[in-house]
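[1] my questions are about this predicted structure, shown below with the sequence.
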2 protein chains.
Amino acid sequence: MITLKYSRQRESIKAYLAQTKEHPTADTVYMHIREVYPNVSLGTVYRNLNLLVDQGEIMRISQGESDRFDGNALPHYHFLCTECSCVQDLNIAPGALDHINIIAGAGFEGEIQGHSTFFYGKCSKCIDK
Amino acid sequence: MITLKYSRQRESIKAYLAQTKEHPTADTVYMHIREVYPNVSLGTVYRNLNLLVDQGEIMRISQGESDRFDGNALPHYHFLCTECSCVQDLNIAPGALDHINIIAGAGFEGEIQGHSTFFYGKCSKCIDK
DNA sequence: TTACCTGCAAACCATTTGCAGATCC
DNA sequence: GGATCTGCAAATGGTTTGCAGGTAA
């Protein structure tokens, strides 16, 4: 973990994120920080968001990368290898994970209709390294 | 569902996706189709991939959109409203969903280390509409 | 002093779109 | 014939980066 120098912009970003429940995008963060530091640049916001994620102080919500396509349009789950980035189909019986919607819905005021999940780890080829 | 006109480029894309297990990106599809139709353009590949997804003939693997950030770096699950696109934290006990890694790992030759999941549906505000 | 930080603007990359012409029905 | 398709190239949108100057330690 690299030692960071103090920066008021970064502190401001962290403080804003700690206090909101909105899960803002980088651009939304930018607009809020600009109210305090009108000269802040979008580049600085991106740089600091990435630094804070690297430090484990904030969390990035995304599944990044570019879209992939699958000739099999029937619902099924995918596995992503953290080593070689390959994507593989998983053999999970249809409906076998549906119960997690109920777990997630307990104590939630909205209506949960489904979930999107992928699993990650090492594929068989990358285990042998 | 709009009626589509025949196009050899689109058929070629569909055939390629039906026969591969690679879960290719749009660019990878482009490079393969170009071997058959050297003049095909990347724009055409994107247009047809989107059409095929709309028709339900292929599946898009992604969670699109831009990244969001969360001041809470502790592992937790998120809910995404399909109406208003708001993101909310869910109250799921830590580890309450860990067992799905085991379900997913049954019959899989690689090693599953974790999963990434978000739930979707209608938030409490959007239910009342 | 010197590493790290900033604003700015340009670069980048994936994806979309406007256009004029080609193709299917 | 007319709607849908294509290739091309330019536009878009989110994100990163190079640079020259500023700031924390």
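    Nice, thanks for sending it over. Residues are numbered from 1 along each chain as shown, chains lettered A, B, ... in the order given.

[2] residue of chain A closest to DNA strand C, please.
    As assessed by Cβ to the nearest atom of the strand, DNA strand C sits closest to A:Thr44 within chain A, at 2.9 Å. For every residue, glycine as well, the C-beta is placed using N, CA and C.

[3] residue contacts, that residue?
    A:Thr44 sits next to A:Gln9 when contact means Cβ atoms under 8 Å, 6 or more residues apart in numbering or on different chains.

[4] do A:Val29 as well
    Contacts of A:Val29 by Cβ under 8 Å, 6+ apart are A:13, A:16-17, A:45, A:49, B:69.

[5] any idea how far it lies from B:His78?
    17 Å (Cβ to Cβ, to the nearest Å).

[6] what do you get for A:Ala15?
    Distance, A:Ala15 to B:His78, by Cβ to Cβ: 22 Å.

[7] quick one: which helix or strand includes the residue of chain A closest to DNA strand C?
    Taking DSSP states H and E as the definition, A:Thr44 sits inside helix A:42-55.

[8] mind listing what A:Asp128 touches?
    Contacts of A:Asp128 (Cβ under 8 Å, 6+ apart): none.

[9] burial check on the closest residue to A:Cys81 other than its chain neighbours, number of neighbours?
    Spatially, and ignoring its direct neighbours in sequence, A:Cys81 is nearest to A:Cys123 (4.0 Å; Cβ to Cβ, 6 or more residues apart in numbering or on different chains). A count of nearby residues for A:Cys123, using other Cβ atoms under 10 Å in any protein chain shown, gives 22.

[10] which ones are touching A:Cys123?
    Shown in contact with A:Cys123 (Cβ under 8 Å, 6+ apart): A:79, A:81, A:83-84, A:86, A:88, B:109-110.

[11] and those as a markdown table, adding neighbour count, pLDDT and distance to DNA strand C?
    Output for those, formatted as a markdown table (neighbours: other Cβ atoms under 10 Å in any protein chain shown; pLDDT from 0 to 100; distance: Cβ to the nearest atom of the strand, whole Å):
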| residue | neighbour count | pLDDT | distance to DNA strand C |
| --- | --- | --- | --- |
| A:Phe79 | 22 | 95 | 20 |
| A:Cys81 | 19 | 92 | 18 |
| A:Glu83 | 13 | 88 | 19 |
| A:Cys84 | 11 | 89 | 17 |
| A:Cys86 | 15 | 90 | 16 |
| A:Gln88 | 19 | 94 | 20 |
| B:Glu109 | 10 | 96 | 29 |
| B:Gly110 | 21 | 96 | 25 |
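
[12] so for the residue of chain A closest to DNA strand C, what's the pLDDT?
    Note on A:Thr44: pLDDT of 98.

[13] with A:Thr3 instead?
    pLDDT at A:Thr3 comes out at 81.

[14] A:Glu57 now?
    For A:Glu57, the pLDDT comes out at 96.

[15] and it, helix, strand or coil?
    Per DSSP: H, G, I helix; E, B strand; the rest coil, the secondary structure class of A:Glu57 is coil.

[16] can you report how many residues lie near A:Arg60?
    Neighbourhood size, A:Arg60 [other Cβ under 10 Å]: 16.

[17] any idea how far it is from chain B?
    Separation of A:Arg60 from chain B (Cβ to the nearest Cβ, to the nearest Å): 6 Å.

[18] who has more neighbours, A:Ala15 and B:His78?
    The neighbour comparison of A:Ala15 against B:His78 (other Cβ under 10 Å) goes to B:His78, with 18 against 13.

[19] ok, that one touching B:Val87?
    Yes - with contacts counted by Cβ atoms under 8 Å, B:His78 reaches B:Val87, the gap being 5.5 Å.
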